[in-house]
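Peer 1: Sequence below, structure please.
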Amino acid sequence: ESHRPMSAHATSGAAVGGGHGATALPEPGPRTATGVPTGRLGIWWFLASEIVIFGGLIVTYILFHMRHPEWGQEAQHTITAAGALNTFVLLTSSLTMVLAHAAIGRGKRHHADLYLSATRILGGVFLIVKAFEYGREITEGYTPVSGLFWSFYFAMTGLHALHVLGGIVAMSIIGAWVRVGKNVHRVEYVGMYWHFVDIVWIFLFPLLYLTS
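Peer 2: Numbering: from 1, shown residues only. So this is what the prediction gives:
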């Protein structure tokens, strides 16, 4: 009997599930003429549009800050410790997301689900800390109408928080799919989105909390 080498297609059909029911890893869906899965191409286009939005806000903020050095004094009223904690939380969530994607690649659906759950929890911690910050700042009289710096602060961190919430919702849906062995390749797509959200925060933290 002849033995043919496994094709890339066959390799991608490795078992998924570990001790919780092996399921063939599905193909990542239809591909474009370039050979890139349409889902991956779609998330690339989506992230490109998000880069334009956040990039425009960040560049505008920097240009305004160059003309308003007094914003350094305004930034001293942000809660730097909370911002630093949230930076650590998001960096840790990026790690758990990487582990979730790696678990899917090894065919461990149960482990991937656990790592996705951990990522969602960390995202929730981020939002709780952010809500605490908003409550404290508003109580002290710093609101979106307190000045241009605070308008930027609430606009950029608020938009980012909405993206965190969107990521949590997406991970909840994909986590449910992973548990039944459906659309497990989409862990990669939500991972790309989540890493983008984390990178945006890495820019926002020093700009809004540590600016001088």
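Peer 1: Strands of the protein, residue ranges please.
Peer 2: Taking DSSP state E as the test, the strands found in the chain are 15-16, 23-24.
Peer 1: Run a quick neighbour tally on residue 73.
Peer 2: 11 (other C-beta atoms under 10 Å). Heads up, the C-betas are built off the backbone N, CA and C, glycines and all.
Peer 1: Pull up the gap between it and residue 149, please.
Peer 2: If you measure residue 73 against residue 149 using C-beta to C-beta, to the nearest Å, the figure is 9 Å.
Peer 1: OK, contacts around residue 98?
Peer 2: With contact taken as C-beta atoms under 8 Å, 6 or more residues apart in numbering, residue 98 is in contact with residue 191.
Peer 1: in terms of contact, does residue 61 touch residue 155 like I think?
Peer 2: No. Applying C-beta atoms under 8 Å, one finds residue 61 not in contact with residue 155, separated by 9.1 Å.
Peer 1: Give me the more crowded residue out of the two.
Peer 2: It is residue 61, of residue 61 and residue 155, that has more neighbours when counted by other C-beta under 10 Å, with 23 against 13.
Peer 1: Tell me how far the more buried one lies from residue 71.
Peer 2: Residue 61 is 9 Å from residue 71, by C-beta to C-beta.
Peer 1: cool, residue 150 as well?
Peer 2: For residue 150, the distance to residue 71 equals 10 Å [C-beta to C-beta].
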